[in-house]
Each structure stands twice: as structure tokens, then as C-alpha cells.
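Student: Generate a structure from the sequence data that follows.
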Amino acid sequence: MWVKRELQTYISDVAITDSSTSDEKYLREGYIRLDEDAHRGVGSDYVFIWYRLTTIPEHALSDLKVSSTESKFQDLQKQNYQPVNVNLNEGARRMPIYVWYKREGSNTPIKTIILLLNIDAVPGFIKAGVTVIQKSLNAGFKGRTEYLCFYQ
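Tutor: Residues are numbered from 1 along each chain as shown. As a prediction, the model looks like this:
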């Protein structure tokens, strides 16, 4: 099924849930859930990434990053990135993994985000102009390698 929108849409916000208790809240606030567990194959609680759309490019996110070390965490803070609300490894006693976003600094707003599970597809995605953040959201686990991607 394809959807054609009257106006171009952009990603205006990203959130992460590590339980189903806030699903209804995000749905009521207009968020859309990526229909893939960001901890697929890990054997822990389901972790989902949610996003909200806007038709106003100035309200859109302009960049996404992933941190898995304290030094990268501090580096992204210094560059005015904002962390998404949940540590992907919360409660897992593993290194904290955060998704970060930035609104300013780019004339190319983010149009869509994707969780890429087929690592063999990375070259094709890059060739198509998709930014692939090649840091697994399952780092430190024996689960699948999953990359967060976005298209501008």
C-alpha cells in the first residue's frame, strides 16, 4: 500500500519506548511507530522508535546520531544535539546507547527514518542517498545488528 500526501512531510520529533505503557499516549499525540523492535533477537523488552511528522520544514529534524560511549555522548552534547528520551540499553546493564537529534544547521530536513536489519543492503541504501548510521542499536548484545537510517 502506498500513501500520497498532499504536502511533503518531515520528521519533527523522535521518541523511544521500552514498554507498551506509553503506546496509547504517543498514538494520541500523532506519533507513528516504526514497526520493528529495535532490540530484535536480544531477548529483552521490546524497544520501539516513534516519530511525528510536520509539513513545516523549519520544524523538522536535520540530523540524527547514535552514541555508545561516554566520550561520544559528551561530544554530541557539545555540538548541541539533544538525546531522545530513552537509553536503548536501559536496565540491561550494558553500555548506554542513545539516539540524538538536531534541528538546526541543515537546509535538508529529514523526510523519513528506517531501521535497517539487512546489513547486506547498506551499500544500496547509501547509493540511494540514505544516511546509514553504522552503529548497531543492539551493540553489546547477541541480537541482530540494526542500523538507524534517515533520508533527507
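Student: show me where the chain has strands.
Tutor: 10-17, 31-33, 48-54, 63-67, 82-83, 98-102, 112-116, 131-133, 147-151 (DSSP state E).
Student: Kindly calculate the angle that the longest one makes with strand 98-102.
Tutor: Here the directions of strand 10-17 and strand 98-102 differ by 160 degrees (axes from the mean of the first three to the mean of the last three C-alpha atoms, to 10 degrees).
Student: which parts of strand 10-17 are buried?
Tutor: Tyr10, Ile11, Ser12, Asp13, Val14, Ala15, Ile16, Thr17 (16 or more other C-beta atoms under 10 Å). Backbone N, C-alpha and C define where each C-beta goes, glycine included.
Student: Sheet-wise, list the partners of it with their directions.
Tutor: Each strand paired with strand 10-17, and its direction, by DSSP bridges: strand 48-54 (antiparallel).
Student: Kindly calculate the angle that the partner strand makes with strand 112-116.
Tutor: Using the same axes, to 10 degrees, strand 48-54 lies at 160 degrees relative to strand 112-116.
Student: average pLDDT for strand 48-54?
Tutor: Mean pLDDT, strand 48-54: 94.
Student: show me the contacts for Ser19.
Tutor: The contact partners of Ser19, taken as C-beta atoms under 8 Å, 6 or more residues apart in numbering, are Asp45, Tyr46.
Student: what about Leu64, distance to Asn87?
Tutor: Distance of Leu64 to Asn87, computed by C-beta to C-beta, to the nearest Å: 16 Å.
Student: Please apply the same query to Arg5.
Tutor: 33 Å.
Student: Counting neighbours, go ahead and name the busier of these two.
Tutor: Remark: of Arg5 and Asn87, Asn87 carries more neighbours, 18 against 8, as counted by other C-beta atoms under 10 Å.
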